[in-house]
Structure formats: structure tokens, C-alpha cells
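Novice: next input, structure requested:
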Amino acid sequence: MKTEIRDARDTDWPAVWPLVRDTAAAGRTYTFPRDLDEDTGRAMWMLDAPGRTVVAVDEEGTVLATAKMNPNHMGPASHIASASFMVSPEAAGRGIGRALGEHVIAWAREQGYRAIQFNAVVETNTRAVALWKSLGFRIIGTLPEAYRLPDGTYTGLHIMYLQL
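Specialist: Residues are numbered from 1 along each chain as shown. Just a heads-up that it's a prediction; the model follows:
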């Protein structure tokens, strides 16, 4: 199956929103409120420049995944990028997350960023941690018990970093 990564359009939002909503509601991988409303979700995910939001679509144009990328901070720290990713459960395990990760790394290099930092990778999200490590990211710190899972237990939040 051929997958294309392209800039997200306003018309993609109806397909992106269920990914954002369901990921937030699951409460396992993002620091988003579990009861995230659509307007807030759209404002958080569909970024304007200097940020960018993309979708990965199949040959029929079905949205399989999405990523957003942006400066991690403002002003004198704006040379460090950050990004977030969501892959539909139906598309998991097919290399789309890796393709999006590679796309973001290439974008950050092209834009002149010096590094990419992920601020809050949930420690129990082992698939994501393994993916980012395989793309060259390293864990530079972990905030112990910084994330409360849906069952009420706590786990750490990794800060992951890739120098470009």
C-alpha cells in the first residue's frame, strides 16, 4: 500500500479529529485532557507557520496518521523543534509512524533547527520509545511518576532528544 505524507488541509480535520479525540480519551500517550473538546483539539493540532501539520494518506486519500511539528520554545530557544504523532489503530505496525518520524527529522533539518526535543514521551509507550531510539533519539531525562495512567497508577515522562 502506497502512503503519501502531505500538508494537512482544513478538509482533513474531520478525519484527524477522531484520532486526536480517541488518543486523548485513552489517556495513555499524551498529556492532553481526556475530555478534550473539538475546538481545543483543533487549535492544538492544526498549526500555522512556523509550525506545520501533516497527514499520511493511502491511495484513496484516507487519513491513516498525522503529525504536527513546531518550535519547542520561543525566542532564543526557537532553534529546537518538537513534534507529536498519532497513527490510527488500523494503520499501526505498518511503518507509518517511522515514515512520519523520518519526515519530521528531514523537515527540521531543512528548516535549520539544531535539534528535536520531545518533552513528554510516556515511559510505558514502549513502541514509541523504541521507534524514537531507532531514529537516533536518546532519553536525556525522565520525570518519575509525572504521568497518571487511566488505572490511577503513575509512570514517568521521558524527555527525548535528537541533535541534527
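
Novice: show me the contacts for the spatially closest residue to S78 that is not a sequence neighbour.
Specialist: Among residues not flanking S78 along the chain, P71 sits closest, at 4.3 Å (Cβ to Cβ, 6 or more residues apart in numbering). Every C-beta, even on glycine, is put in place using the N, C-alpha and C of the backbone. Neighbouring residues of P71 by Cβ atoms under 8 Å, 6 or more residues apart in numbering: P50, G51, A77, S78, H79, I80, A81, S82, Y113.

Novice: name whatever forms a beta bridge with the spatially most central residue of the chain.
Specialist: Taking Cα atoms, centre = their mean, the centroid of the chain lies closest to S84, which sits 1.6 Å from it. Listed beta-bridge partners, S84: K68 (assigned using DSSP bridges).

Novice: and it, what does it touch?
Specialist: Y30, W45, A67, K68.

Novice: the residue nearest to S78 and A106, how far apart?
Specialist: Remark: distance between P71 and A106 (Cβ to Cβ, to the nearest Å) = 17 Å.

Novice: quick one: the helices in the protein, in order.
Specialist: Remark: helices assigned in the chain by DSSP state H are 13-26, 38-45, 96-110, 126-134.

Novice: distance to Q117 added to the ones you listed, as JSON lines?
Specialist: Below are the helices of the chain laid out as JSON lines (distance: least, Cβ to Cβ, whole Å):
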{"stretch": "helix 13-26", "distance to Q117": "20"}
{"stretch": "helix 38-45", "distance to Q117": "18"}
{"stretch": "helix 96-110", "distance to Q117": "10"}
{"stretch": "helix 126-134", "distance to Q117": "11"}
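
Novice: export these to TSV and tack on distance to A146 and mean neighbour count?
Specialist: TSV is the format used below for the helices of the chain (distance: least, Cβ to Cβ, whole Å; neighbours: other Cβ atoms under 10 Å):
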stretch	distance to A146	mean neighbour count
helix 13-26	17	17
helix 38-45	19	14
helix 96-110	23	18
helix 126-134	15	15
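
Novice: just to revisit the earlier point, distance check, the residue nearest to S78 against L162.
Specialist: 15 Å.

Novice: go on, F85?
Specialist: F85 is 14 Å from L162, where distance means Cβ to Cβ.

Novice: what's near enough to touch G41?
Specialist: Contacts for G41 (Cβ under 8 Å, 6+ apart) come out as W17, V20, R21, A24, F32.
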